[in-house]
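**Q** Need coordinates for the following:
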Amino acid sequence: MAVDDLLGQQSTLHAIETLTVNKLTMSRSLKKGPFVADHLLSKVEKLNAKGEKQVIKTWSRASTIIPQMVGHTIAVHNGRQHVPVFLTEQMVGHKLGEFAPTRTFRGHAKSDKKARR
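**A** Residues are numbered from 1 along each chain as shown. Okay, here's the model as predicted:
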């Protein structure tokens with residue numbers, strides 16, 4: 001069965017064709033394809049057409065990294081600020097939010113022996 005029959009979406013068709021089954025996230029149905037926010041996909045496609053590299057700000061942590069995004073730097077919002085993430089080939093199939101941690105661990109509280117007296 002062709003990818004056209006399964007998806008019916010022309011905007012992400014070329015992105016789906018380049019992905020292999022091993023690189024897709026298995027939590028989503030293969031016939032649906034990866035989720036990528038439309039505004040993010042259009043910005044990446046514009047930069048690819050121009051051949052430019054710019055930092056793209058996004059709040060879409062749920063978007064899946066597709067091969068067209070490799071080589072770009074995307075600033076992913078972590079709830080407080082935008083964390084720049086340079087996308088490599090090994091990141092394809094993962095979500096953007098995986099690379100921008102939302103919580104910072106400051107260490108366990110030290111034991112205060114004076115307070116116990």
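**Q** got any ranges where this structure has weak pLDDT?
**A** Within the chain, the set of residues satisfying pLDDT under 70 comprises 1-26, 115-117.
**Q** Tell me which other helices or strands the helix or strand harbouring Leu41 touches.
**A** Using DSSP states H and E, the secondary-structure element containing Leu41 is helix 38-50. Packing partners of helix 38-50 (3 or more Cβ pairs under 8 Å, 6 or more residues apart in numbering; DSSP states H and E): strand 55-58. All C-beta spots, glycine's among them, are computed from the backbone N, C-alpha and C.
**Q** buried ones in the strand it packs on?
**A** Of the residues in strand 55-58, those with enough neighbours to count as buried (16 or more other Cβ atoms under 10 Å) are 56, 58.
**Q** quick one: that strand to chain centroid distance?
**A** 11 Å (Cα atoms, centre = their mean, to the nearest Å).
**Q** partners of that strand in the sheet?
**A** strand 73-77 (parallel) (DSSP bridges).
**Q** In PDB, list the C-alpha atoms belonging to whichever helix or strand comes after the strand it pairs with.
**A** Counting by DSSP H and E, the next helix or strand C-terminal to strand 73-77 is strand 82-86. As requested, C-alpha coordinates have been extracted for strand 82-86 and formatted as PDB (Å, rounded to 0.1, in the frame of the first residue of the first chain):
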ATOM      1  CA  HIS A  82      14.000  28.400  25.200                       C
ATOM      2  CA  VAL A  83      16.700  25.800  25.200                       C
ATOM      3  CA  PRO A  84      18.700  25.600  21.900                       C
ATOM      4  CA  VAL A  85      18.900  22.100  20.600                       C
ATOM      5  CA  PHE A  86      21.100  21.200  17.600                       C
END
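**Q** Quick check: which helices or strands does strand 82-86 pack against?
**A** On the basis of 3+ Cβ pairs under 8 Å, 6+ apart, strand 82-86 makes packing contacts with strand 73-77.
**Q** Alpha carbons of the strand it packs on, as PDB, please.
**A** This file holds the C-alpha atoms of strand 73-77, laid out as PDB (Å, rounded to 0.1, in the frame of the first residue of the first chain):
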ATOM      1  CA  THR A  73      19.000  24.500  15.700                       C
ATOM      2  CA  ILE A  74      15.500  24.600  17.300                       C
ATOM      3  CA  ALA A  75      15.000  26.500  20.600                       C
ATOM      4  CA  VAL A  76      12.500  24.400  22.600                       C
ATOM      5  CA  HIS A  77      10.600  26.000  25.400                       C
END
